Structure formats: C-alpha cells, structure tokens
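Peer 1: I'll drop the sequence and a predicted model, then ask my questions.
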Amino acid sequence: MPGRRSRALLTVGLMVLSAALAAVPVGAAAETLLRTRLNADIRSTDPGTNRDANTDGVMAHIVEGLVAFRDDTSIGPMLADSWTVSNEGKTYTFHLRQGVKFHNGAGMTAADVVWSFKRWLDPATQWRCLSEFSANGIARIDKIEAPDAQTVVITLDQPTALFLPTIARPDCGQTAIIHRDSVGPDGKWIAPVGTGPFKLGEWKRGQYVDLVRFDGYAARAEPRTGYTGNKTAVVDRVRFNVIPDSSAAKAGLLSGSLDVISNLAIPDRDDLKARPDVQLSITPALGVTGILFQTRDPLLKDVRIRRAIALCLDTPQIVDAVMQGTARPNNSALPIGSPFYGEVEAHGYTQNIAEAKKLLAQAGYHGQPIKMIANKRYAFVFDSAVLVQAMAQAVGINIDIEVLDWAAQLDRYNRGDYQSMAFVYSARLDPSLSFEMLTGPKATQPRKVWDNPEAQRMLQESMMIDDKAKRQKLFDELHRRFIDDVPMVVLFNGSEISALRKNVKGYAGWLFAQPRFWGVSVE
C-alpha cells in the first residue's frame, strides 16, 4: 500500500493533469493532440539563457540554428544549406536556405542571422555559451557580415574544430535564428518567434506548455535525423503537462489521458513493459550521472579524501541497482556511445576498501560530515546518492544527503555553492564538449568542477585540431588525469526510456535524451 505522502503526491499530480486536460478548448475535437509529460516546468522560453534540459527539449521544437546534430552526432545543415571554410579555418561562409519563414510570416534573411548572433554575443542576453566565444573560449567571433540576403560570413580570431558543434549545442539554444519580434523595443525578451515546426502556444506556469503546429514550416528534404532533416509536424498541437510525480504520470498514460512519458523511471518501466496498450522506447544516451566534489572545500580539497570516496564505491553494483540493465558503468567523462571512447576510457576506479581506509587515515579524516546535495526529480540521481552514502559509511565516511528541488540544486551548481552533489549532465555530442562541461577556471566559471590548468591547455588543443588520432591521444591523457584528480566520480551514462500508447506512431529516441515530436502522429 502506498504511504500517505505517496498518495498525496499522486492526488496532486492527477489534479494538475485533470486541470491541464480541462483547459483543452471546447470544440477542438477535430484537432489532433499529442499529450506528453514534463517532470518539472521549463525555466523560460528564451533558449540558451535561463535554461535546463526540459527547457532545451521544448524549445528545440520552436527554434532552429544554422546547423544541427544528426543522430550519429555529426553536424548537418539546418537553416544553412551549405557552408565553406576559408582563411586558414577562421572564416565560415554560410549559404542560407530559401523559403524559410518565421512564425510571424516574415521570411528569414541574412540580416536576421546577423541580428540573432549579435544578440547572443551581447553580455546583456546572458547566453549560456557566451564564454565559449570569449578570450578564454574556443575562439572569439571578430565579424558577422551579410554580403547579400542569402549569405552570412562569420570570421573567428583563430581556427577551431568546435565552432559548428558549439553553435549546434542544444544547451546553447542551438544558437537559434529568431525574429527580432521575439524581444521588445527595450530588448527584453517577450516570446520566441522562431522557424521551427511548432509555435509557442500557451505556457501556463506549473501546469502545461502548448506547442501549435506551424503550417508555414519549410522542411528539409532529407530524412529526419537528430535535430535536422525533415522535421514536419504531423499533429496539430503538443501539450507538455507538468507532472512531477511519476505515479501520476503513469496513471495518466494507463488511463489514456497521456500519450507519451519520457524520462521514465526504472520501476515504472517494469510495471509498463507487459501492458498490451503500451510500447516502450529504450535508447542509449550520452548523459552523465555522477558525484561532484567542490575541490575548493576545506575538506574535499584533499585529493586523498576524494579518491577514498571513489575507491569505496562498487560502481557496477550501483548501476545495476539503479538502472537495472538499461545502462553500463562508466567512470569516464567520455560517454560509452562516443566514437572516442576506447580501451583507455574503460579503465576507471575499482573498489578497494583497504586502500580507501588507508587514504582516509593519511588525510587525517575522522568522520567529519560531508554534505551531498541531491534531487528527486531524477530518481536515478537520488538513488545513486543513497547507495554512495551507504558504501561510504562502510569505510567511515559520513555523508549527509540534502534533497533540494531541481531549480535550487541547479542554482547551487552554477554558483559552485556545494560541498558535494549527485548530479546529471545532459548529453554533449562532441568529446571536447564532454570535457568542456566539466573543465575550466572556477574563478570565472564557478560551475566547472575540474580546475586543472594543464587539462585546460590540453582541452583547448583538442578544440583546435581535426586530426582524429591526435584528438584521441589528447582525450586518453585527459581521461587519465581526470581519474587521478578525482574532481568527480562519473557513475554511468543513462538511457532515454519512454513509454507510449500503442496509437503513437513515428516516435524515435536518440543519443541525445530528449523527445522529438515532429514526424510523430496519434492515430
């Protein structure tokens, strides 16, 4: 029997779902509606700024960039039909697609691309990826020019292999090309006027986000792949219902009031896999789940204590208990699905209780409490924290778990305001970016967990070269140093697990664990 708290959460979740469904306009019976679930509300509608993974996933239906990742993590064309690179790798000339329209009906031109890029690069925008184009980033953008209505020329101060992968990053908002009507005369954000297959409908905070099919969408001719190819919307509307409680979401799916649940919890997967009216989609993903350490903390600045925590863990046991066969253990910053994940990256930490106790004694650790922040939005994150706590206790490490809501934890992470935390990173689709999300100077980027100048130098080098063998050598050495420094303990890469009603057709997961609802129908 469920406890009182579980029943209360289920009741609240069902009330939210009922309220969202009741808001469907009367007389819209002929409308094709796909109903899905968000485990927490989006943070904003301004892509690449005030964002998290849910925000990225929803906004990817509304906005598009010049280029985008394919299913295999290579870069493909999106709003640009083609591009050339010249000037020793510093100048990119983009030839834009013709016939692309914004949601307000205006045609997209090179002037819109220039305006959008300049907005992203304005510090007032607070773009998530502005630092990538600063003096300490991958390159500085020196010029953005439009020689004609269909051509944009971007000149960098130095060549980099990561220019296209960076502007394609979902957490960068895909460096979306938006219409200037997205902001007011004062430059303040209003709402996204993009080029994507869906327009923003109604956002009722804490309840739902509605996306409406954009009938003027100009689709690419290639098959759907990643965030590019043919992205034609089939349904009239997608409603993202905010349902934090997984039991309420599962009840909605079984009752037929939801069509799709993404980010499905493992126990719910087990309950649903035998249901004849439900289909499951399980796809390996590139996200990273692990335990972060604040290396400036008076206690955890001692690498011996951090290493002792790593050595007290039975990572395969944690992954088996938490993910139940849907993921493999991995201590590397490079995800298993990366083409650069090899024999070197497969070597991480092996549980060694005696060595962990020895290191603790050398460090003079005597049971001082270590606060670990976790959240319950992602059940696998909380469950991992609990198992780490238990295994650490076996060698005398005293970990206290503090549960925060996701928004509060994300704010603490961005400020570097924690001693340790169980955390999940969304996928990075280039190996340099996998290390980049962790590596950097804490003084200017407090969210970074690994502040190692030599690692930063090697990472910068990996961003400059295209030679695969040379990049592999750099990533192998970065992995070895990462394991030695122990700024965090990576535990595993996740999977995208979704449950769908049998009448949902055309859905497909991919390495980037976010749902895509273009090309998806409800019969």
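Peer 2: Yes, it's here.

Peer 1: contacting residues for the closest residue to Phe102 other than its chain neighbours?
Peer 2: Setting aside the residues directly before and after it, Phe102 is nearest to His179 in space (C-beta to C-beta, 6 or more residues apart in numbering), at 4.2 Å. C-beta coordinates here come from the backbone N, C-alpha and C atoms, glycine included. By C-beta atoms under 8 Å, 6 or more residues apart in numbering, the contact list for His179 reads Phe102, His103, Asn104, Ala106, Asp112, Val193, Gly194.

Peer 1: And the helices in the stretch 301-450 of the chain, which stretches?
Peer 2: Shown for the stretch 301-450 of the chain, the helices assigned by DSSP state H, counting those that start in this stretch span residues 303-311, 315-323, 353-363, 379-393, 406-415, 431-436.

Peer 1: List the buried residues in the second one.
Peer 2: Neighbour-count burial for helix 315-323 flags Thr315, Ile318, Val319, Val322, Met323 (criterion: 16 or more other C-beta atoms under 10 Å).

Peer 1: what about the nearest residue to Ala321 once chain neighbours are set aside, how many residues close to it?
Peer 2: Leaving aside its chain neighbours, Ala321 sits nearest to Leu387 (6.3 Å; criterion: C-beta to C-beta, 6+ apart). A count of nearby residues for Leu387, using other C-beta atoms under 10 Å, gives 20.

Peer 1: residues contacting Leu387?
Peer 2: Here Leu387 is in contact with Gln317, Ile318, Ala321, Val322 (C-beta under 8 Å, 6+ apart).

Peer 1: sorry, back to before: let me have the helices of the stretch 301-450 of the chain in CSV, adding distance to Val344 as columns.
Peer 2: Written out in CSV, the entries for these read as follows (distance: least, C-beta to C-beta, whole Å):
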stretch, distance to Val344
helix 303-311, 17
helix 315-323, 17
helix 353-363, 21
helix 379-393, 24
helix 406-415, 28
helix 431-436, 12
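
Peer 1: Quick check: which of those has the most neighbours on average?
Peer 2: Sort the helices of the stretch 301-450 of the chain by mean neighbour count, taking mean count of other C-beta atoms under 10 Å, and helix 431-436 sits at the top with a mean of 24.

Peer 1: quick revisit: of the contacts of His179 - the most surrounded one?
Peer 2: With neighbours set by other C-beta under 10 Å, the maximum within the contacts of His179 is found at Gly194, which has 30 neighbours.

Peer 1: Once you drop chain neighbours, what's closest to that residue?
Peer 2: The shortest distance from Gly194 to any non-neighbouring residue, by C-beta to C-beta, 6+ apart, is to Val63 (3.6 Å).

Peer 1: for the one you found, what are its contacts?
Peer 2: Val63 makes contact with Pro47, Gly173, Gln174, Ala176, Ile177, Ile178, Pro192, Gly194, Thr195, Gly196 under the criterion C-beta under 8 Å, 6+ apart.

Peer 1: ditto for Gly65
Peer 2: Residues touching Gly65, when contacts are defined by C-beta under 8 Å, 6+ apart, comprise Met78, Leu79, Ile167, Ala168, Gly173, Gln174, Thr175, Ala176, Ile177.

Peer 1: Could you list which of these belong to helices?
Peer 2: When those are checked against helices (DSSP state H), the matches are Ile167.

Peer 1: Could you count how many residues lie near Lys468?
Peer 2: Under the neighbour criterion other C-beta under 10 Å, Lys468 is assigned a count of 10.

Peer 1: nearest spatial neighbour of the residue nearest to the spatial centre of the chain, skipping sequence neighbours?
Peer 2: By C-alpha atoms, centre = their mean, the chain has its centre lying nearest to Ser426, at 2.9 Å. Computed as C-beta to C-beta, 6+ apart, the closest residue to Ser426 that is not its neighbour in sequence is Ala53, at 4.5 Å.

Peer 1: Tell me where the stretch 151-300 of the chain has strands.
Peer 2: Assigned by DSSP state E, counting those that start in this stretch, the stretch 151-300 of the chain shows strands spanning 151-156, 198-204, 208-213, 237-242, 260-261, 278-284, 288-293.

Peer 1: Could you do the stretch 401-523 of the chain as well?
Peer 2: According to DSSP E, counting those that start in this stretch, the strands that the stretch 401-523 of the chain contains are 420-425, 488-492, 495-501, 504-505, 521-522.

Peer 1: Determine the angle, from 0 to 180 degrees, between the third one and strand 278-284.
Peer 2: For strand 495-501 against strand 278-284, the angle by axes from the mean of the first three to the mean of the last three C-alpha atoms, to 10 degrees is 160 degrees.

Peer 1: Quick one: distance of strand 495-501 to the chain centre.
Peer 2: 17 Å (C-alpha atoms, centre = their mean, to the nearest Å).

Peer 1: List the pairing partners of it within its sheet, with orientation.
Peer 2: Its sheet considered, strand 495-501 pairs with strand 260-261 (antiparallel), strand 278-284 (antiparallel) by DSSP bridges.

Peer 1: okay, those, which one's buried deepest?
Peer 2: Per residue and on average, the most neighbours among the strands paired with strand 495-501 fall to strand 260-261, with a mean of 25 (mean count of other C-beta under 10 Å).

Peer 1: average pLDDT across it?
Peer 2: Per-region confidence: strand 260-261 scores 96 on mean pLDDT.

Peer 1: now stretch 204-218
Peer 2: Computed over stretch 204-218, the mean pLDDT rounds to 98.

Peer 1: Outside of that stretch itself, list whatever touches it.
Peer 2: Residues outside stretch 204-218 that contact it (C-beta under 8 Å, 6+ apart): 16, 19-20, 23, 38, 41-42, 58, 61-62, 97, 99-101, 103, 105, 195-203, 231-233, 235-242, 517.

Peer 1: Go again with 6 Å.
Peer 2: Contacts to stretch 204-218, defined as C-beta atoms under 6 Å, 6 or more residues apart in numbering, come from residues 20, 41, 58, 61, 99-101, 103, 197-199, 201-203, 233, 236-242.

Peer 1: to the chain's geometric centre, what's the distance from that stretch?
Peer 2: Using C-alpha atoms, centre = their mean, the distance from the centre of stretch 204-218 to the centre of the chain it belongs to is 20 Å.

Peer 1: mind checking the end-to-end distance for that stretch?
Peer 2: End-to-end distance for stretch 204-218: 28 Å, by C-alpha to C-alpha, to the nearest Å.

Peer 1: Next: stretch 250-259.
Peer 2: End-to-end distance for stretch 250-259, by C-alpha to C-alpha: 10 Å.

Peer 1: And the strands in the stretch 1-150 of the chain?
Peer 2: Counting by DSSP E, counting those that start in this stretch, the segments of the stretch 1-150 of the chain that form strands are 33-38, 67-69, 75-77, 80-86, 91-96, 141-148.

Peer 1: Which stretch among these approaches Leu404 most closely?
Peer 2: strand 33-38 (18.5 Å; C-beta to C-beta).

Peer 1: So which bits of the closest one are buried?
Peer 2: Leu33, Leu34, Arg35, Thr36, Arg37, Leu38.

Peer 1: got those residues as CSV, with distance to Asp71 and pLDDT columns?
Peer 2: Formatted as CSV, the buried residues of strand 33-38 follow (distance: C-beta to C-beta, whole Å; pLDDT from 0 to 100):
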residue, distance to Asp71, pLDDT
Leu33, 27, 98
Leu34, 21, 98
Arg35, 26, 98
Thr36, 21, 98
Arg37, 24, 96
Leu38, 23, 95
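
Peer 1: No further questions, thank you.
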